[in-house]
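K.L.:
Quick check, what structure comes out for this input:
(one chain, ligands or ions: 2)
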Amino acid sequence: MVVLGIESTAHTASVGIVDERAEVLGLASDMYRPPKGGIHPREAANHHVELLPGLVERALESARVRPSEIDAVAFAQGPGLGPCLRAGATVARMLSLAWSKPLVPVNHCVAHVEIARVLSGLDDPLLLYASGGNTQVIAYARGRYRVLGETLDIGIGNFLDKLWIELGGVFPGGPAIEKEALAGQELWPLPYSVHGMDVAFSGMLTATLALHAKGAARPDLAYSVEVTAYSMLTEITERALAHRGHGAVVLGGGVACNERLKSMVRAMVEGRGGTMYAPPRSLCVDNGAMIAWTGHLAHRAGREVPVEASAVEPRQRTDLVATPWRGN
Ligand code: AMP
Ligand code: MG
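P.N.:
Ligands and ions are numbered 1, 2, ... in the order given. So this is what the prediction gives:
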């Protein structure tokens with residue numbers, strides 16, 4: 001079975017094609033980069049509308065697959081930015097109708113877990129999902145993926161992006177802060193906001209900008225922010241792991257590509273006798289292959305929707321989405 005998947009929840013438009021063994025046959029992605037400031041949903045959506053048809057062609061070409069060989073079309077139904085989601089869903093509906101293939105809605109967060117799960121071979125891992133708009137610890141329990149902990153204000157990536165722009169840089173901030181932090185030497189004390197298994201970042205944003213205004217060096221601030229924010233994420237992941245009693249952790253999201261975060265989480269997990277897995281960058285960031293793979297799992301379990309019932313759900317809750325392929 002070959003499934004084509006479309007991802008368009010935020011700034012990335014991506015088309016992936018996978019087979020029944022989770023082999024990624026084709027993957028074509030393009031990220032919207034705002035000329036200045038943060039992401040504007042409508043401009044990102046325009047980018048997706050313009051690029052998706054070409055990305056579909058590129059993915060098909062690199063997969064050497066003809067439309068007639070596609071068995072289903074999957075798309076990210078939510079959560080995400082409304083205009084961006086609608087751009088991807090529209091293309092998916094069109095392909096489904098034009099090719100007469102079933103249409104399969106997929107939850108974006110579940111897709112991050114499922115691609116890491118199949119790539120790692122770990123049966124029941126916990127996901128630390130650290131991306132632009134999302135910061136969550138997710139695990140499967142009693143028939144659903146459950147959000148055990150999450151950010152109480154902004155996503156970690158949005159926090160890093162906003163901070164970096166305020167410090168004079170350009171989007172995306174996460175990778176730039178990672179580079180800048182390598183030259184950091186002084187660890188400034190910053191608000192460490194962990195509340196049970198939840199975190200918050202806006203206090204750290206304010207405090208870092210206040211230190212910068214007082215003359216603290218940017219590399220030191222980058223270093224301090226990374227150490228503090230990633231310690232918070234490691235702590236909530238550890239708390240969730242302790243509750244579950246067994247220790248496999250997978251990573252997902254753009255921020256999860258960060259080397260410092262990966263090594264901190266790895267040290268914590270391995271210290272508890274568990275296993276940590278991070279997908280390669282192209283499958284860790286938002287991508288169409290994870291939507292295609294989860295679409296495959298869902299379709300095999302009987303899931304498909306008529307076009308009339310395929311509305312996007314910008315606030316779709318991960319723990320309300322059925323995952324029949326995981327059984328009970
Ligand atoms: P996503 O929302 O999953 O597509 O990821 C995008 C976010 O990941 C943006 O906020 C980026 O700043 C962030 N990001 C990408 N690479 C890194 C990195 N190496 N370290 C930290 N953040 C990163
Ligand atoms: Mg994502």
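K.L.:
hey, let's count contacts and neighbours off CA atoms from now on
P.N.:
OK.
K.L.:
Enumerate the residues of the stretch 151-300 of the chain near ligand 1.
P.N.:
157-158, 161, 172-175, 178, 253-255, 257-258, 285-286 (Cα under 6 Å from any ligand atom).
K.L.:
quick one, what contacts the residue of the stretch 101-250 of the chain found nearest ligand 2?
P.N.:
Closest residue of the stretch 101-250 of the chain to ligand 2, Cα to the ion: residue 131 (5.7 Å). Residue 131 sits next to 155-158, 252-256, 285 when contact means Cα atoms under 8 Å, 6 or more residues apart in numbering.
K.L.:
Among these, which ones are in helices?
P.N.:
156-158 (DSSP state H).
K.L.:
Among those, filter down to the buried ones and hand me the ChimeraX syntax, if you would.
P.N.:
Listed next is the ChimeraX selection for buried residues among these, using 16 or more other Cα atoms under 10 Å:
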select :156,157,158
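K.L.:
Does stretch 101-110 reach ligand 1?
P.N.:
No. For stretch 101-110, no contact with ligand 1 is found by Cα under 6 Å from any ligand atom; the gap never falls below 10.2 Å.
K.L.:
Any part of that stretch near ligand 2?
P.N.:
No. Against ligand 2, stretch 101-110 shows no contacts by Cα under 5 Å from the ion, the least distance being 6.5 Å.
K.L.:
Going along the chain, name the strands of the chain.
P.N.:
3-7, 12-18, 24-31, 72-78, 103-107, 126-130, 135-141, 144-150, 194-195, 198-199, 248-252, 275-277 (DSSP state E).
K.L.:
For this structure, give me the ranges with low pLDDT.
P.N.:
37, 328 (pLDDT under 70).
K.L.:
Tell me which residue is most central in it.
P.N.:
residue 253 (3.4 Å; Cα atoms, centre = their mean).
K.L.:
State the distance from that residue to residue 135.
P.N.:
9 Å (Cα to Cα, to the nearest Å).
K.L.:
shared neighbours, the two?
P.N.:
residue 129.
K.L.:
quick one on the thing from earlier: who touches the residue nearest to the centre of the chain in this structure?
P.N.:
112, 129-132, 284-286 are the contacts of residue 253 under Cα under 8 Å, 6+ apart.
K.L.:
go on, residue 218?
P.N.:
Counting by Cα under 8 Å, 6+ apart, residue 218 has contacts 167, 180, 184, 212.
K.L.:
want to throw those into TSV with distance to residue 225 and neighbour count?
P.N.:
Shown next, in TSV, are the contacts of residue 218 (distance: Cα to Cα, whole Å; neighbours: other Cα atoms under 10 Å):
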residue	distance to residue 225	neighbour count
167	13	17
180	11	16
184	10	16
212	12	16
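K.L.:
which of those lies closest to residue 235?
P.N.:
residue 184 (22.6 Å; Cα to Cα).
K.L.:
For the closest one, give me phi and psi.
P.N.:
Phi and psi for residue 184, reported as degrees, to the nearest 10, are phi -80, psi 140.
K.L.:
And the helices in the stretch 201-328 of the chain, which stretches?
P.N.:
With DSSP state H, counting those that start in this stretch as the criterion, the stretch 201-328 of the chain has helices at 202-213, 218-244, 259-271, 281-284, 288-300.
K.L.:
and those, which is most packed in?
P.N.:
helix 288-300 (a mean of 29; mean count of other Cα atoms under 10 Å).
K.L.:
Strand 3-7 and that one, what's the angle between them?
P.N.:
130 degrees (axes from the mean of the first three to the mean of the last three Cα atoms, to 10 degrees).
K.L.:
Contacts for helix 288-300 next, please.
P.N.:
Taking Cα under 8 Å, 6+ apart as the rule, helix 288-300 contacts 1-7, 13-20, 22, 24, 26-29, 72-76, 104-106, 108, 110-112, 114-115, 283, 304, 323-325.
K.L.:
go again using 7 Å as the cut-off
P.N.:
Outside helix 288-300, the residues that touch it by Cα atoms under 7 Å, 6 or more residues apart in numbering are 3-7, 14-18, 22, 24, 27, 74-76, 104, 106, 111-112, 114-115, 325.
K.L.:
cool, stretch 104-115 as well?
P.N.:
Contact partners of stretch 104-115, identified using Cα under 7 Å, 6+ apart, comprise 73-79, 127, 252, 290-291, 293-295, 299, 303-305, 318.
K.L.:
Skipping adjacent residues, who's closest to residue 59 in space?
P.N.:
Leaving aside its chain neighbours, residue 59 sits nearest to residue 26 (4.7 Å; criterion: Cα to Cα, 6 or more residues apart in numbering).
K.L.:
so what's that neighbour bridging to?
P.N.:
Applying DSSP bridges to residue 26 gives these bridge partners: residue 17.
K.L.:
is it true that residue 17 touches residue 23?
P.N.:
No. With contact defined as Cα atoms under 7 Å, residue 17 does not reach residue 23; the gap is 8.5 Å.
K.L.:
This completes my enquiry, with thanks.
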